[in-house]
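Trainee: Okay, predicted coordinates and the sequence, questions at the end:
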Amino acid sequence: MADRNRTIRPSRVLAATAAAALAATGLTACGGGSGSSSSSTTLVVAEWTNAAAVQETQAIDAAFEKANPGVKIKLETAPTTAGAWPALQSSLEASKGVDVLAQFAQSPEKYAPAGSGVTVGGTPALISSGQLLDLSKQSFMSRFDSTTQKFAMGYKDGIYGVTMAEYVNNSGMFYKKDLLAKYGLSVPTTFDEFISDLKTLKSKGLTPLYVAGKDGIQNIVWMGIYNQLMMQDKPASEATSVFMAKDNAFLNGTQNWNSALYQDAANRYEQIMQYIEPNAGGVSFASAPGTWSAKTDDYPFFVDGSFDGNTIAADNPALNFGMMAIPGTDNAAWNRADLAPDLAWTVPTWSKHQDLALKYLDFFTQQTNYEAWVKATGSLSTQTAVPTPTLKWTDWLQTNASKGFPGTTLPWLPANVGTGNPAGGPTLTETKPFGSKDLLAALDDSAKAYTAAVKK
């Protein structure tokens with residue numbers, strides 16, 4: 001994982017070349033001219049591997065090269081599985097060999113308070129140490145909602161990345177409309193309705209829920225439920241204060257992983273896990289969308305983020321499916337989508353071609369180019385003039401995504417607490433039904449580890 005707050009992103013083979021994508025999308029190629037880029041210049045851009053996003057980025061790169069003779073874009077990518085993306089990012093940072101660097105968008109919650117003894121790592125460390133350029137005064141930032149941009153990549157008075165994408169990640173689930181209709185079921189809106197539907201589907205001989213357990217995608221269920229419980233009837237505008245209050249409670253010892261809210265979430269998670277594919281522990285994230293989309297007579301529900309919607313649609317164009325938030329609580333109004341600000345483009349202060357990097361971001365965020373990118377990726381739009389695209393699988397999102405809240409999940413942890421340390425919460429590949437450990441016992445272990453990690 002690139003960020004322990006997030007489930008991993010898929011790595012898949014590209015479906016078409018960038019040139020073909022450029023022809024198909026009709027990208028804007030204006031704003032060119034040789035300027036400072038008239039001599040041969042290589043601009044290095046890096047992002048993690050997601051087939052649709054990479055393909056559309058390559059299309060925009062080709063258009064930028066056409067508009068700027070002498071400029072070549074070198075796109076570096078790596079999957080987020082097996083630590084490949086963090087390794088590539090670390091290598092590029094160490095060599096100072098990147099000009100435009102994708103980052104997972106952050107939030108104000110990422111920065112622990114002064115005097116807490118908790119030092120930050122990852123993107124917050126890059127920002128707070130002055131290694132990323134403040135983009136707040138750049139003209140292209142006016143195309144975006146300033147509140148969203150400040151929430152996602154703001155620090156003090158600056159904004160250190162332009163957040164391009166937002167998805168339903170934690171709490172995300174796809175469903176097959178025809179299978180639900182066949183058994184007289186509608187989209188469930190409460191936890192009890194969801195469990196009832198799962199029971200009904202299992203009684204009909206179906207395997208109700210498909211999940212890539214090998215790569216820990218069950219985290220989407222776990223984190224989605226406890227964030228919904230935490231937000232309950234709070235407006236989305238209070239998300240930052242709610243999560244920061246939780247972090248402070250962890251830090252001062254009045255809350256921990258084995259507190260009542262997490263025990264409630266664990267109970268709900270375990271009930272849902274009774275209905276998963278029996279061999280889910282061997283299902284990889286890379287193969288799951290294709291397998292789920294091909295099996296039209298089974299697997300009514302599929303745990304995954306909305307970033308895979310277009311992948312599923314491409315794998316089986318005839319599939320009638322939708323995307324929703326898992327209803328983790330007993331109150332329908334509380335079961336909102338947990339929205340994840342995602343890819344944010346940043347420019348390192350040590351970029352060798354800083355002016356050209358800014359020109360590239362201006363080009364990338366021009367409305368026509370951004371519209372094509374959002375449509376290709378299935379992202380919720382972060383630009384004020386660009387609506388979230390209407391796709392065949394986004395009807396639930398069109399109605400309900402605006403009611404969601406920006407979600408963050410982990411308490412403050414020192415930078416030296418690595419992935420897999422139980423201080424960041426239980427590792428669900430080790431808990432039942434995937435492993436042998438009881439989830440409540442794992443919560444106790446995580447509580448002890450968290451206390452030890454932040455002890456001064």
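Mentor: Received the coordinates, thanks.
Trainee: Leu201 reaches Asp297, doesn't it?
Mentor: No - Leu201 is beyond contact range of Asp297, at 11.9 Å (criterion: C-beta atoms under 8 Å). All C-beta atoms are positioned from the backbone trio N, CA, C, and that covers glycine.
Trainee: hey, where'd the strands end up in the protein?
Mentor: For the chain, the strands defined by DSSP state E cover 41-48, 71-78, 100-104, 154-155, 158-159, 162-163, 166-168, 172-176, 209-210, 301-303, 321-325, 338-341, 343-346, 405-406.
Trainee: who's in contact with Gly205?
Mentor: Contact analysis of Gly205 by C-beta atoms under 8 Å, 6 or more residues apart in numbering lists nothing.
Trainee: can you rerun that using 10 Å?
Mentor: Going by C-beta atoms under 10 Å, 6 or more residues apart in numbering, Gly205 touches Asp298.
Trainee: Next one: it from Val120, what distance?
Mentor: 50 Å (C-beta to C-beta, to the nearest Å).
Trainee: what do you get for Tyr175?
Mentor: From Tyr175 over to Val120 the distance is 38 Å, taken as C-beta to C-beta.
Trainee: Now stretch 444-456 - C-alpha only, CSV.
Mentor: Listed next in CSV are the C-alpha coordinates belonging to stretch 444-456 (Å, rounded to 0.1, in the frame of the first residue of the first chain):
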residue,chain,number,x,y,z
ASP,A,444,-6.9,-5.4,21.8
ASP,A,445,-3.5,-6.1,20.2
SER,A,446,-3.8,-2.9,18.1
ALA,A,447,-4.8,-0.9,21.1
LYS,A,448,-1.6,-2.0,22.9
ALA,A,449,0.5,-1.4,19.9
TYR,A,450,-0.9,2.1,19.4
THR,A,451,-0.2,3.1,23.0
ALA,A,452,3.3,1.8,22.7
ALA,A,453,3.9,3.6,19.4
VAL,A,454,2.9,7.0,20.7
LYS,A,455,4.3,6.6,24.2
LYS,A,456,6.8,9.4,24.9
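Trainee: average pLDDT for it?
Mentor: For stretch 444-456, mean pLDDT rounds to 91.
Trainee: chain center to it, what's the gap?
Mentor: On the basis of C-alpha atoms, centre = their mean, to the nearest Å, stretch 444-456 sits 27 Å off its chain's mean C-alpha point.
Trainee: and if you look at stretch 155-172?
Mentor: With C-alpha atoms, centre = their mean as the basis, stretch 155-172 stands 9 Å off its chain's centre.
Trainee: Okay, now it: how far is its last residue from its first?
Mentor: Here the two ends of stretch 155-172 are set 28 Å apart, with distance taken as C-alpha to C-alpha, to the nearest Å.
Trainee: Equivalent analysis for stretch 90-104, please.
Mentor: One end of stretch 90-104 to the other measures 14 Å (C-alpha to C-alpha).
Trainee: May I see the buried residues of it?
Mentor: Within stretch 90-104, the residues that count as buried by 16 or more other C-beta atoms under 10 Å are 92-93, 97-104.
Trainee: hmm, which two among those residues are most spread apart?
Mentor: By the measure C-beta to C-beta, Gly97 and Phe104 form the most distant pair in the buried residues of stretch 90-104, at 20.2 Å.
Trainee: And this structure, what are its domain boundaries?
Mentor: Per automatic domain parsing, the structural domains of the chain span 18-167+340-395, 172-338+406-454.
Trainee: ok, of those, where does mean pLDDT dip lowest?
Mentor: What stands lowest among those, in mean pLDDT terms, is domain 18-167+340-395, with a mean of 86.
Trainee: residues touching Met332, list them.
Mentor: Quick fix: residue 332 reads Ala, not Met. 188-191, 193.
Trainee: Would you point out the most distant pair within these?
Mentor: Distance extremes for those: the farthest pair is Thr189 and Phe191 at 9.4 Å, using C-beta to C-beta.
Trainee: Report the set of residues contacting both of the two.
Mentor: The contact lists of Thr189 and Phe191 share 327, 331-332, 335, where a contact means C-beta under 10 Å, 6+ apart.
Trainee: Report the buried members of those residues.
Mentor: The buried subset of the shared contacts of Thr189 and Phe191 - by 16+ other C-beta under 10 Å - is 327, 335.
Trainee: Dump the strands of the chain to JSON lines, plus distance to Gly281.
Mentor: Below are those laid out as JSON lines (distance: least, C-beta to C-beta, whole Å):
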{"stretch": "strand 41-48", "distance to Gly281": "25"}
{"stretch": "strand 71-78", "distance to Gly281": "25"}
{"stretch": "strand 100-104", "distance to Gly281": "26"}
{"stretch": "strand 154-155", "distance to Gly281": "39"}
{"stretch": "strand 158-159", "distance to Gly281": "41"}
{"stretch": "strand 162-163", "distance to Gly281": "34"}
{"stretch": "strand 166-168", "distance to Gly281": "24"}
{"stretch": "strand 172-176", "distance to Gly281": "19"}
{"stretch": "strand 209-210", "distance to Gly281": "13"}
{"stretch": "strand 301-303", "distance to Gly281": "14"}
{"stretch": "strand 321-325", "distance to Gly281": "24"}
{"stretch": "strand 338-341", "distance to Gly281": "24"}
{"stretch": "strand 343-346", "distance to Gly281": "29"}
{"stretch": "strand 405-406", "distance to Gly281": "31"}
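Trainee: Mind checking the ones you listed for the one nearest to Gln398?
Mentor: Minimum separation from Gln398 across the strands of the chain (C-beta to C-beta) falls at strand 321-325, 10.1 Å.
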